[in-house]
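In: Just need the structure, nothing else, for what follows:
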Amino acid sequence: MATTSARASGQLSERKAAILRALVRQYIRTGEPVGSEMLASTSGLRVSPATIRNELAALEELGYLTQPHTSAGRAPTHLAYRFFVDLLPSRPHLRGSERLAVVQFFEEALADVDEILRGTTLLLSRLTRYASLALAPSLKESVIARCELIGLGSSTLLLVVFDNGRVEKRLVDVPEDATEEDLERVSRSLSSAFRGMTVGAAKQEADRNAAATREPDAAVLRKVGGALGSIDAAAEAEHVLLGGVANIAGEGAFDRRETVREVYEALERESALLHLLREAASTPPVSVMIGAENSIPGMLEASVVAAPFGAGGGAMGTIGVIGPLRMDYESAISAVRIVAERLSAAVEALRS
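Out: Next up, the predicted model:
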């Protein structure tokens, strides 16, 4: 993506580049084709309307602009948006109120990365007014950081905390004759035996220990093995969390009703979204996919801004937003980047 844009931007003089950036900014604000008179009066370029008109015609020939009607102004193409995005500051800043909202969200005491991610999608949709999405960390390769049995009155809970911050809970139907001391003893053995194991390996270890242990501990371990097997089966299913989807149909979000329908349908194809978010995770710190640059049918008139998050230097999941081609890229990139950074810090804290 960046290579194509860099090659194309080499064709532009400094004046053409300044005019193009000003036009894209104006079009993002209004959604209306931009004419030379408007650019001359609002852009601060200190260039006559006639000169701007000539440069706009040249930019149209180069593929950066299109003219919806012969008497109208011009609108940016995908190539213009890519040029514009590639020249944005590497670390654009959030407005003060938006930064405060991020700080306040992550100051709350959240103990589960899934819970944090659900809140994060709502936070991103509020900050950007676009639809947001998140790919939760997979449990397939994660290892157990903590495992314990917790008494809840007449019930017993198996709590499993993974190194990526994910927390899984299962109610365990322990034998009636198992005492509180029995459960505490088994819980202590779980904590040391399963640490550093995948959930599948822990399930096998629980089954082996049950076969070699006397009752009532063996019965408790068999129940723990069954619960771990349930978690292992669920680990195969990656899932995408969505937030603020109604923003897609918001006033002025997309120019055509048909585009709104196509984007809604695209968001229902979870396998395609999984592929998209995995792809975004491979190009940190922030990936911007404009129109046809993303691989999902029906998203030609949409852009995706996404970033990976993780702990210990590795990517564990991805968050992002989906909006129209004329999205406010500076605001979206700022919001996604800072939220990904704070989310990574939160996941790191959960591991410790």
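In: Could you report the pLDDT at residue 2?
Out: Note for residue 2: predicted pLDDT of 39.
In: Check which residues of stretch 97-104 are buried.
Out: Counting neighbours by 16 or more other Cβ atoms under 10 Å, one finds that the buried residues in stretch 97-104 are 98, 101-102. Using the backbone N, CA and C atoms, a C-beta is placed for each residue, glycine as well.
In: So for that stretch, mean pLDDT?
Out: For stretch 97-104, mean pLDDT rounds to 90.
In: List of residues touching it?
Out: Residues from elsewhere that reach stretch 97-104, judged by Cβ atoms under 8 Å, 6 or more residues apart in numbering: 93-94, 123, 126-127, 331, 334-335, 338-339, 342.
In: what about the stretch 101-250 of the chain, any weak spots by pLDDT?
Out: For the stretch 101-250 of the chain, residues meeting the criterion pLDDT under 70 lie at 109-110, 141, 236-237.
In: What's the ChimeraX line that selects buried ones from the contacts of stretch 97-104?
Out: Here is the ChimeraX command that selects the buried residues among those (16+ other Cβ under 10 Å):
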select :94,123,126,127,331,334,335,338,339,342
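In: Show me which of the contacts of stretch 97-104 is closest to residue 42.
Out: Using Cβ to Cβ, the shortest approach to residue 42 within the contacts of stretch 97-104 belongs to residue 331, at 19.7 Å.
In: So that closest one is in contact with residue 124, correct?
Out: No. Residue 331 is not in contact with residue 124 according to Cβ atoms under 8 Å; the separation is 11.1 Å.
In: quick one: buried residues of the longest helix anywhere in the chain?
Out: Scanning the chain for the helix with the most residues, using DSSP state H, yields helix 329-351. Counting neighbours by 16+ other Cβ under 10 Å, one finds that the buried residues in helix 329-351 are 329-340, 342-344, 346-347, 350.
In: picking that back up, mind putting the buried residues of stretch 97-104 into JSON lines with secondary structure and distance to residue 325?
Out: Shown next, in JSON lines, are the buried residues of stretch 97-104 (DSSP: H, G, I helix; E, B strand; the rest coil; distance: Cβ to Cβ, whole Å):
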{"residue": "98", "secondary structure": "helix", "distance to residue 325": "22"}
{"residue": "101", "secondary structure": "helix", "distance to residue 325": "26"}
{"residue": "102", "secondary structure": "helix", "distance to residue 325": "26"}
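In: Name the nearest residue to residue 52, ignoring sequence neighbours.
Out: In space, residue 52 comes closest to residue 36 once its chain neighbours are excluded; the distance is 4.1 Å by Cβ to Cβ, 6 or more residues apart in numbering.
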